[in-house]
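Colleague: let me see the structure of the following:
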Amino acid sequence: MKVRVGYGLGAVPSLYPTSKGEPAPLGVIVDTLEHLGFDSLWFPERVNSMQLDPIVAMGYVAGRSERLKFGSAVSVVPGRNPLLLAKMLASLDVVSGGRCLPAVGLGIADSSEQQAFGVQRADRAPWLNEVLPLLRRLWTEDSVDHEGARFSFRDARVLPKPIQQPLEVWMGGAAPSELRRTGRLADGWLASFTTPSVVEAGIDTVNEAATEAGRVIDPEHFGVLLPYVPEGSQLPEVALERAAARQPGADPHEVIAVSHQRVGQLIDEYVKVGASKFVLFPLVEPADWQAELTHLAPVLARQT
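Modeller: Coordinates of the predicted model:
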């Protein structure tokens with residue numbers, strides 16, 4: 001089983017230029033990740049935050065790099081037109097030569113975020129249930145007719161088709177209903193702010209749901225977004241609060257890696273329970289991005 005390690009970027013205002021002609025540190029990060037051999041770069045979706053739209057950010061990575069894959073961790077589907085979403089993701093896959101890694105979900109339980117998509121919380125799961133199978137059809141079939149509770153299409157076409165066939169879609173989430181949906185509809189699961197024991201149980205739930213639906217999830221399609229603290233930085237109090245909220249009663253050091261050494265140890269622990277894809281997510285901005293990524297690179301050597 002090949003262990004792949006990617007990187008994730010959240011709300012880091014200094015990544016983006018503040019005036020015309022100013023260089024973008026994001027370019028340095030993309031170049032460094034590609035040079036060092038990281039697998040991928042991921043962008044969360046938050047409307048009310050200093051974060052780039054993930055579709056726009058992925059387009060930047062597609063044009064800036066030649067090998068680095070890119071993904072959304074995760075894109076919110078409820079509130080989006082599936083035909084337009086399918087077109088955007090297929091286009092990203094084509095212009096990048098097949099490097100798009102879409103991961104989708106319901107969105108966080110936050111009223112300011114939910115109002116941006118105009119979908120009530122109770123309707124978000126049914127929306128996703130309808131859209132995900134439709135995306136697959138739009139990426140593979142020449143013409144799609146669909147009559148659902150939210151969308152009606154006749155002779156719908158998405159061209160060009162994605163280079164990746166299939167273009168695999170992963171899902172986030174931690175609730176039992178989300179894990180079962182992953183087993184029924186998705187190609188992989190990306191957990192976050194979690195622990196190895198929780199991931200082990202989650203993999204079992206996903207696989208059970210997949211078996212019940214007559215499907216099989218690739219055993220290498222289980223991943224973890226792993227929050228960590230860059231070298232020389234302090235663990236933010238807000239991160240401890242988030243870890244406690246997501247995993248009540250767990251040791252925060254099982255959820256957050258407070259050193260590069262601990263990053264490697266946690267990856268090894270996750271691999272033992274069945275995960276093999278990782279997205280390292282810095283909780284603090286390092287003083288020097290290039291130095292930080294270079295010092296972190298040895299974790300890429302892990303393989304089992």
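Colleague: helices of the stretch 101-250 of the chain, residue ranges please.
Modeller: Ranges of helices in the stretch 101-250 of the chain, per DSSP state H, counting those that start in this stretch, are 111-117, 121-140, 176-185, 196-212, 237-246.
Colleague: any low-confidence regions in the stretch 201-304 of the chain?
Modeller: 302-304 (pLDDT under 70).
Colleague: just the strands from it, written as ranges.
Modeller: 222-228, 277-282 (DSSP state E, counting those that start in this stretch).
Colleague: what packs against the shortest one?
Modeller: Just to be clear, that refers to strand 277-282. When contacts are defined as 3 or more C-beta pairs under 8 Å, 6 or more residues apart in numbering; DSSP states H and E, strand 277-282 packs onto strand 4-8, strand 188-192, strand 222-228, helix 260-272. All C-beta atoms are positioned from the backbone trio N, CA, C, and that covers glycine.
Colleague: contact partners of that strand?
Modeller: 3-10, 39-40, 42, 73, 188, 190, 192, 220-230, 263, 267, 270, 292, 296, 299 (C-beta atoms under 8 Å, 6 or more residues apart in numbering).
Colleague: change it to 7 Å
Modeller: The list of residues contacting strand 277-282 from outside it, by C-beta atoms under 7 Å, 6 or more residues apart in numbering, reads 4-8, 10, 42, 73, 223-228, 230, 263, 267, 296.
Colleague: now stretch 206-217
Modeller: 179-180, 182-184, 188-189.
Colleague: one more time with 8 Å
Modeller: 179-184, 186-189, 222.
Colleague: which of these lies closest to R64?
Modeller: The closest of the contacts of stretch 206-217 to R64 turns out to be G188 (C-beta to C-beta; 25.2 Å).
Colleague: what's the spacing between that closest one and P176?
Modeller: Going from G188 to P176 by C-beta to C-beta, to the nearest Å gives 18 Å.
Colleague: between these two, which one's more packed in?
Modeller: G188 (19 against 12; other C-beta atoms under 10 Å).
Colleague: got the contact list for that one?
Modeller: Contacts of G188 (C-beta under 8 Å, 6+ apart): 103, 168, 170-171, 182, 217-218, 221-223, 277.
Colleague: please apply the same query to V131.
Modeller: 77-78, 80, 82, 85, 150-151.
Colleague: with R67 instead?
Modeller: By C-beta under 8 Å, 6+ apart, the contact set of R67 is 34, 99.
Colleague: next, format the contacts of G188 as CSV and append neighbour count.
Modeller: Converted to CSV, the contacts of G188 look like this (neighbours: other C-beta atoms under 10 Å):
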residue, neighbour count
A103, 26
E168, 17
W170, 23
M171, 25
T182, 28
I217, 19
D218, 10
H221, 19
F222, 25
G223, 27
K277, 23
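Colleague: now those in a markdown table, with distance to V28?
Modeller: Compiled in a markdown table, those are given as follows (distance: C-beta to C-beta, whole Å):
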| residue | distance to V28 |
| --- | --- |
| A103 | 25 |
| E168 | 29 |
| W170 | 27 |
| M171 | 31 |
| T182 | 34 |
| I217 | 36 |
| D218 | 33 |
| H221 | 31 |
| F222 | 31 |
| G223 | 25 |
| K277 | 24 |
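Colleague: and which of these is nearest V94?
Modeller: E168 (15.7 Å).
Colleague: what's near enough to touch the closest one?
Modeller: E168 neighbours (C-beta under 8 Å, 6+ apart): 101-102, 187-188, 221.
Colleague: quick check: the farthest pair among the residues you listed?
Modeller: Checking the contacts of E168 with C-beta to C-beta, the most distant pair is P102 and H221, at 13.1 Å.
Colleague: which residues are in contact with each of those two?
Modeller: In contact with both P102 and H221: 168, 170, using C-beta under 8 Å, 6+ apart.
Colleague: would TSV of the strands of the stretch 201-304 of the chain with distance to T32 be doable?
Modeller: As requested, those are exported to TSV (distance: least, C-beta to C-beta, whole Å):
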stretch	distance to T32
strand 222-228	17
strand 277-282	13
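Colleague: out of the ones you listed, which is closest to E237?
Modeller: strand 222-228 (13.9 Å).
Colleague: between that closest one and helix 196-212, how big is the angle?
Modeller: 160 degrees (axes from the mean of the first three to the mean of the last three C-alpha atoms, to 10 degrees).
Colleague: which residues make contact with strand 222-228 from outside it?
Modeller: Everything outside strand 222-228 that qualifies as a contact, by C-beta under 8 Å, 6+ apart, is 8, 42, 73, 170, 172, 188-194, 199, 203, 206, 239, 243, 255-258, 260, 262-263, 266-267, 270, 274-283.
Colleague: cool, thanks, talk later.
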